[in-house]
Structure formats: C-alpha cells, structure tokens
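*Asks:* sequence unavailable; structure follows:
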C-alpha cells in the first residue's frame with residue numbers, strides 16, 4: 001500500500017475511534033457509490049452522519065480541511081443522497097461532517113478538528 005493510502009487509512013481509524021469515544025456508532029466504512037467514496041457513515045442520536053476524513057502529516061502544504069473544495073463537496077452531497085435513497089427512510093435526518101487530522105502513525109497524539117455540518 002502506498003504511503004498516502006497508509007496515512008489515509010490511519011486517519012480514518014483515528015477518526016472512527018474519536019467518534020466512538022464521543023458516542024457515535026460507526027455504521028459503515030469506505031462505502032463506494034457512483035458519486036465517490038464515503039469514508040465513514042455513523043449515527044449520532046437520530047442523525048446519520050457522513051464523515052469525510054482528511055489527514056495530513058503536517059501543515060506544510062496547508063491544513064487538511066482546505067482540500068475539501070467545491071467539487072469534493074458536490075461529490076459528498078451526491079454520494080450521501082444516493083446512500084440515503086437506498087438505505088434510509090425519507091424523513092431521516094442526515095448531515096456531512098469533515099474531520100481534519102494532522103499526525104502520523106507512531107507519532108505524537110494527532111491534532112483532530114471536527115467541522116460539523118460542513119457541507120450543505
């Protein structure tokens with residue numbers, strides 16, 4: 001596995017553990033849709049939360065959340081809507097969050113920033 005993929009998978013695991021500690025239930029990981037991949041799908045109370053995880057080993061090339069541009073936002077919304085149509089009731093609440101992580105496997109505790117309802 002390439003280094004970038006290794007860092008990405010590590011970041012997704014860090015994010016999943018972080019959410020679980022906050023009381024979220026992780027429903028699915030790495031769900032592929034025709035619009036792209038959803039990193040994590042979780043439940044927070046009655047709300048389905050689609051989580052985009054961005055991981056960087058440092059901020060040398062900018063903060064992780066900066067890489068979620070307009071095109072990515074549209075893919076996330078389309079993928080979330082497609083998932084909801086297939087697997088959920090029509091009235092179920094949902095949102096898209098972004099979790100930005102700075103760190104690397106084996107390093108000091110990562111810095112985690114959560115942007116709730118980041119995409120609308």
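*Replies:* Yep, that arrived. Everything quoted here is computed from the prediction, not taken from an experiment. Numbering: from 1, shown residues only.

*Asks:* just the helices in this structure please.
*Replies:* 3-21, 70-87 (DSSP state H).

*Asks:* possible to save those helices as a markdown table with mean pLDDT, distance to residue 114 and mean neighbour count?
*Replies:* Quick note: C-beta positions are derived from backbone N, CA and C, even for glycine. Conversion of the helices of the chain to a markdown table gives the following (pLDDT from 0 to 100; distance: least, CB to CB, whole Å; neighbours: other CB atoms under 10 Å):
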| stretch | mean pLDDT | distance to residue 114 | mean neighbour count |
| --- | --- | --- | --- |
| helix 3-21 | 94 | 8 | 16 |
| helix 70-87 | 92 | 15 | 15 |
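
*Asks:* how about these in TSV, adding distance to residue 54?
*Replies:* Converted to TSV, the helices of the chain look like this (distance: least, CB to CB, whole Å):
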stretch	distance to residue 54
helix 3-21	7
helix 70-87	9
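
*Asks:* out of these, nearest to residue 40?
*Replies:* Using CB to CB as the criterion, the shortest distance between residue 40 and the helices of the chain is 5.9 Å, found for helix 3-21.

*Asks:* about what we covered before: what's the closest of the helices of the chain to residue 113?
*Replies:* helix 3-21 (10.6 Å).

*Asks:* elements contacting the closest one?
*Replies:* strand 25-33, strand 36-44, strand 47-56, strand 93-102, strand 111-119 (3 or more CB pairs under 8 Å, 6 or more residues apart in numbering; DSSP states H and E).

*Asks:* columns distance to residue 67, mean neighbour count and mean pLDDT on top of those strands, output as CSV?
*Replies:* As requested, those are arranged in CSV below (distance: least, CB to CB, whole Å; neighbours: other CB atoms under 10 Å; pLDDT from 0 to 100):
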stretch, distance to residue 67, mean neighbour count, mean pLDDT
strand 25-33, 18, 14, 96
strand 36-44, 13, 19, 96
strand 47-56, 6, 22, 96
strand 93-102, 9, 21, 96
strand 111-119, 13, 15, 93
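
*Asks:* and of the helices of the chain, who's closest to residue 110?
*Replies:* helix 3-21 (5.6 Å).
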